[in-house]
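>>> Structure, please.
(chains A, B and C)
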Amino acid sequence: MAMTNQKSKIFNLKSLVPDRQTFTRSFRMAAWLGWQIESNWTDPFLFAIYSIIKPLSGAAILVVMYSIVSGGNFESPIFPYIYLGNAFYMYVGQVMTGISWAIIDDREHYKTLKYMYMAPIHMPTYLMGRGVARFIVASISVLITILFGVAFLHIQIDLAAVNWGLFFLSLFIGVIMLAMMGLILAGITLMLANHVWFIGDATAGALYLFSGAIFPLDVLPAFLRPIGFIMPITYWLELLRRSLVGSVAQAFPTLAGFSNAQLLYILIGLTIVFGVLSAVVFHWCEFRARERGMLDMVTNY
Amino acid sequence: MEYAIHTEKLGRVYKLRHAKKEDPQELTALQDVNLQVKPGELFGLLGPNGAGKTTLIKILTTLLGPTSGIARVTGLDVTQEAQNVRARINMVSGGESSGYGLLTVRENLWMFSQFYGLPSKAANQRIDELLKIVGLEDRKNTKSSDLSTGLRQKMNIVRGFMTDPDVLFLDEPTLGLDVGASRDVRRFIRQWVDENRPLPQGEGRGEGRTLLLTTHYMVEADELCDRVAIINKGRVLACDTPANLKHGLQQDAIFKMTLSPLNGLNVTQLEALAGVKKVTHTPQDGAAELDLILESDDALGGLVTLLTSNDIHIRNLQKREPTLEDVFVDLVGHSMQEIEVRE
Amino acid sequence: MSSQSLTVHKTIPKNSGARLFIQTVLARAYPRIIGQQREKSWMFFDIVMPLLAVSAYVFVYQAIGAPEEYVGFVVMGGAMTAFWMNVLWSMSSQLYWEKEMGNLALYVMAPNSMMAILLGMALGGLVATTLRALAITILGSWLFQIPYQVTSFWQLFLVFTLAMIALYGMGMLFASLFLLLSREAWHLSNLAQEPVYLFSGFYFPIKSLNFWVAASASIIPLTLGLDAMRQLVFESGAALGFLSVPLEIGILAILSVVFVTAAKYLLAYMERLSIREGRITESRR
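Got it, this is the predicted structure:
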């Protein structure tokens, strides 16, 4: 009876949604803390170098791969498709890692997770707040990558032709969607040892295959394509491409049958689905971790 | 005689990185520390937090370099012959979280034994013996992440003793332990040193086993140590047996007085009285406690007159023997608690 | 607590020299091997996920119409990333976590060698690393029907062995930095990932880069290691090779000696420097 009562609390909707004060307190302090941790390891100059070299190196791998095969033909629409997809995909790794990594960091390194759980905060909100710093760093990386592409690699972005409304709306919904996915990973991390600290990066790396980030989904074998179609990241990247360089998106027929509005509705719908999924998964994992006394375990080796 | 531990004008200054220009750029953790610890001695280092105890231990265990002076352990220089020193020492710190959570107690201890070159079979035997002695035998297959603080500290203590070091450093080993566990650890420490006393040549261990213990618990130092050095702000203020240190204060009269609150009267006014050397005031709930060091019993009269004329009622008066705490107060001018509260 | 006598009636003789070195390596590898046995979640995230990530690069090449052999290059490069990650995260920057946990002080204080500790860490991680590399190679080759044509097995073995020795020597060299630095070192490791993938030609033949860029990148053992292995296992590998295989073997041999020797001296120097500066026991998260 007691266990049933405990389990039923997981699905108590009231406990899933915090009140406004708790939300603000949890999010604000977590965002501040996350920034303190991410930004204080070096001086601003080195931080800037780090923020430039890392994303550009990642982009350069694809640029070189493309350049070798195409003989340097950057005019073909496939190049901006790859380049922009890869640039925005940086958000995926950073946001998902930022949220799931906070569990490992707080539990194993700072040993403060137990204190966070004892405090009157809303844990999922706290974790999403911890991801804000990574989002900011990712934004800098994305901007630098795109600017480099425009300046040196013939990526044609006509600022006057950009659909800014669609761009910012898609970006906003996409980041929330990524945060939900990060929360799922955070829940899983609660149940695992320290050796899966790379779960965010690993998952982002795997989803690279199914999200149409660097190649159209049509390239995938037919039996794998449905995975891409249920991934919200696919629609998110497509919307971003359409808003920035409409002609590039049009060159690839994978999602050509959907209008912008339809893509937006699909993205919102999938974001809600993942939101519900993340709430259920996270709370279940949290319940199990609490039951097993794993909230303050230290497993580093 | 070759000392187990020998330091001469030992000093350590830390440069403070990222200090603002108007703030101090350096921190002196140790200065002019001269210590000689004989083989087989249980030597205590007593001082408040931040006194320099851990810094001294880090230098002696080759983890930190001195900025001046020399330090030798078993006759070997800690900077020039560090590797040789390491073969003969071990250290246990209070509140330590060493080892790996996913390994059991026995596995963690076995792993550390290998770093000292102990053959596996002999190491496991030794570990089993020590686990039995400290009362952890039934938890030897428990993952260390599942242990309580006290049990983890017992595991750490076994880690320190199992390599059979010539010199063992214990840095606040009872920190965070409950009363029972602390008592067990102290008894264990005392027994280890006593059983390994230097013997005449040809009989068992000639050299004995030396133990340097740092603590800020006066009682612990008093109870355990053959000799104690009192350290504060990086300097050794006194070094002798606890009995001799206390004897130095014997000529003074030490009283403990419980009274009603001081009603605006302060410690300075009390210390200004003739014959009053030191007054330590501890406010209580609805009362006050004074620890008094007087030149003689005669000074008590003036003190009582001042108190009663300020409508302060004396509820209890006790004369007591000097403790190490009194020695500390006499040397430093404040009690350890007062120093820590200020900091 | 029992009141049993604590006196050790017989002093236990302790090993030193090479025996102590081997004992230390095995002892430090133990927690990693056992930890991975006790919590097997890493298998999914460390094997399946990277295979999917490597597959993404394969499909990029297919999308842009690359020749078939490039798919084989990607799979091989993807497999070798496992070793690079092992060196970077399971060895070099692991010292940072050890410092934070307080184990580093205990390692330094023991009469063993820091090289042995690092080698133990790497050895312990090698189980997972090898599984990852094998999974990517075998499954990737099967999924994408990669044709192999090995021209010389002994040269292949020699290249791989020398590349690994040089790589782990280089890893120990980096690890010495971590004795001195704290979180900066962790971020430096993070920074070292993508540039090394790029300049070492993990996903494309290094010959495609400018000669001097490729030559400079050759200081990273995996650059020439990968290049030589591709020349030895793919039919068109020789045509896309940077230098000849015997020359690359020679350079790898030199790098092995240089890195391992330099690591020995730099580790000792950095340890002394860290002790002087008081960095061994500092905790700057």
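>>> Could you point out which residue ranges in the stretch 151-300 of chain B have low pLDDT?
B:198-207 (pLDDT under 70).
>>> what ranges do the strands span in it?
Assigned by DSSP state E, counting those that start in this stretch, the strands in the stretch 151-300 of chain B fall at B:167-171, B:210-215, B:227-232, B:235-240, B:253-259, B:276-284, B:287-294.
>>> same thing with chain C?
Read by DSSP state E, chain C holds no strands at all.
>>> does the one helix or strand residue A:82 maps to come close to chain B?
Element membership for residue A:82, per DSSP states H and E: helix A:78-104. No: Helix A:78-104 stays clear of chain B (C-beta under 8 Å from any C-beta of the partner chain), getting no nearer than 13.0 Å. Every C-beta, even on glycine, is put in place using the N, C-alpha and C of the backbone.
>>> pLDDT on that helix, on average?
Throughout helix A:78-104, pLDDT has a mean value of 92.
>>> now stretch C:106-125
Stretch C:106-125 carries an average pLDDT of 91.
>>> go on, stretch C:253-264?
Mean predicted confidence for stretch C:253-264 is 96.
>>> roughly how far is that stretch from the heart of the chain?
Counting by C-alpha atoms, centre = their mean, to the nearest Å, stretch C:253-264 is centred 14 Å from the centre of its parent chain.
>>> tell me the contacts of residue A:30?
By C-beta atoms under 8 Å, 6 or more residues apart in numbering or on different chains, the residues touching residue A:30 are A:121, A:125-130, A:132.
>>> now with 6 Å?
Contacts for residue A:30 (C-beta atoms under 6 Å, 6 or more residues apart in numbering or on different chains) come out as A:126, A:129-130.
>>> which SS class is it?
The three-state label given to residue A:30 by DSSP: H, G, I helix; E, B strand; the rest coil is helix.
>>> Quick check: chain neighbours aside, which residue is closest to it?
Among residues not flanking residue A:30 along the chain, residue A:129 sits closest, at 2.6 Å (C-beta to C-beta, 6 or more residues apart in numbering or on different chains).
>>> Might you report the residue contacts of that neighbour?
For residue A:129, the contacting residues are A:27, A:30-31, by C-beta under 6 Å, 6+ apart.
>>> picking that back up, nearest to chain C, of the contacts of residue A:30?
Chain C lies nearest to residue A:130 out of those, by C-beta to the nearest C-beta, at 14.7 Å.
>>> since we're on the closest one, how many residues are nearby?
30 (other C-beta atoms under 10 Å in any protein chain shown).
>>> gap between stretch A:250-258 and the chain center?
Chain-centre distance of stretch A:250-258: 24 Å, with C-alpha atoms, centre = their mean.
>>> who in the stretch 151-285 of chain C is up against chain A?
For the stretch 151-285 of chain C, the contact set with chain A under C-beta under 6 Å from any C-beta of the partner chain comprises C:183-184, C:187, C:191, C:194-195, C:197-198, C:203-204, C:208.
>>> What about the nearest residue to residue A:153 once chain neighbours are set aside, how many residues nearby?
Once flanking residues are discounted, residue A:153 sits nearest to residue A:74: 5.6 Å by C-beta to C-beta, 6+ apart. Neighbourhood size, residue A:74 [other C-beta under 10 Å]: 18.
>>> Could you measure from residue A:74 over to residue A:83?
Here residue A:74 is placed at a distance of 9 Å from residue A:83 (C-beta to C-beta, to the nearest Å).
>>> Could you tell me which of the contacts of residue A:30 belong to helices?
A:126, A:129-130 (DSSP state H).
>>> which residue does the stretch 101-250 of chain C bring closest to chain A?
Distance from chain A to each residue of the stretch 101-250 of chain C (C-beta to the nearest C-beta) is smallest for residue C:194, at 3.6 Å.
>>> coming back round to it: quick check: of the contacts of residue A:129, which lies closest to residue A:235?
residue A:27 (26.2 Å; C-beta to C-beta).
>>> Residue A:124 is in contact with that closest one, correct?
No: Residue A:27 is beyond contact range of residue A:124, at 10.1 Å (criterion: C-beta atoms under 6 Å).
>>> More neighbours: the two, which one.
Remark: of residue A:27 and residue A:124, residue A:124 carries more neighbours, 25 against 20, as counted by other C-beta under 10 Å.
>>> Enumerate the residues of the stretch 151-300 of chain A near chain B.
A:297-299.
>>> coming back round to it: save the contacts of residue A:129 as CSV, and put in pLDDT too.
Shown next, in CSV, are the contacts of residue A:129 (pLDDT from 0 to 100):
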residue, pLDDT
A:27, 92
A:30, 92
A:31, 93
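>>> ok, back up a step: TSV for the residues of the stretch 151-300 of chain A next to chain B, including distance to residue C:136, secondary structure and pLDDT?
Converted to TSV, those look like this (distance: C-beta to C-beta, whole Å; DSSP: H, G, I helix; E, B strand; the rest coil; pLDDT from 0 to 100):
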residue	distance to residue C:136	secondary structure	pLDDT
A:297	31	coil	76
A:298	31	coil	73
A:299	26	coil	70
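>>> So how do I select the buried members of those residues in ChimeraX?
In ChimeraX, this line selects whichever of these come out buried by 16 or more other C-beta atoms under 10 Å in any protein chain shown:
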select /A:297,298,299
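>>> where does residue 49 land on pLDDT?
Picking chain A for this. Looking at residue A:49, its pLDDT reads 82.
>>> nope, chain B
Per-residue confidence at residue B:49 stands at 83 (pLDDT).
>>> Find the residue at the geometric middle of chain A.
By C-alpha atoms, centre = their mean, chain A has its centre lying nearest to residue A:92, at 3.0 Å.
>>> if I pick that one, what's in contact with it?
Counting by C-beta under 6 Å, 6+ apart, residue A:92 touches A:178, A:204.
>>> 8 Å instead, please
Counting by C-beta under 8 Å, 6+ apart, residue A:92 has contacts A:178, A:204, A:207, A:211, A:213, A:233.
>>> filter these to the buried ones?
By neighbour count, with 16+ other C-beta under 10 Å, the contacts of residue A:92 hold A:178, A:204, A:207, A:211, A:213, A:233 as buried.
>>> farthest-separated two in the residues you listed?
Greatest spatial distance among those (C-beta to C-beta): A:178 and A:213, at 12.9 Å.
>>> Identify the contacts common to those two.
Common contacts of residue A:178 and residue A:213, defined by C-beta under 8 Å, 6+ apart, comprise A:92, A:233.
>>> Of the buried ones among the contacts of residue A:92, which is the nearest to residue B:312?
Nearest to residue B:312 out of the buried ones among the contacts of residue A:92 is residue A:178 (C-beta to C-beta; 68.8 Å).
>>> tell me which element that closest one is part of?
For residue A:178, the host element (DSSP H and E) is helix A:164-190.
>>> in that helix, what's buried?
The neighbour-count check on helix A:164-190 (16+ other C-beta under 10 Å) flags A:166, A:169-171, A:173-190 as buried.
>>> Specify the next element, helix or strand, located C-terminal of it.
For helix A:164-190, the following helix or strand on the C-terminal side (DSSP H and E) is helix A:199-207.
>>> now what about that following helix, what contacts it?
Helix A:199-207 has contacts (C-beta under 8 Å, 6+ apart) with A:89, A:92-93, A:96-101, A:181-182, A:185, A:188-189, A:192, A:196, A:231, A:233, C:45-46, C:48-50, C:52-53, C:56.
>>> 6 Å instead?
If you take C-beta under 6 Å, 6+ apart as the criterion, helix A:199-207 is touched by A:92-93, A:96-97, A:100-101, A:185, A:189, C:45, C:49, C:52-53.
>>> Name the spans of the stretch 1-150 of chain B whose pLDDT lies under the cut-off.
B:1, B:17-19.
>>> need the residues of it near chain A, please.
Within the stretch 1-150 of chain B, the positions adjacent to chain A are B:100-102, B:145 by C-beta under 6 Å from any C-beta.
>>> okay, those residues in CSV with neighbour count, distance to residue B:294 and secondary structure next?
Formatted as CSV, the residues of the stretch 1-150 of chain B next to chain A follow (neighbours: other C-beta atoms under 10 Å in any protein chain shown; distance: C-beta to C-beta, whole Å; DSSP: H, G, I helix; E, B strand; the rest coil):
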residue, neighbour count, distance to residue B:294, secondary structure
B:100, 24, 56, coil
B:101, 22, 54, coil
B:102, 26, 59, coil
B:145, 20, 54, helix
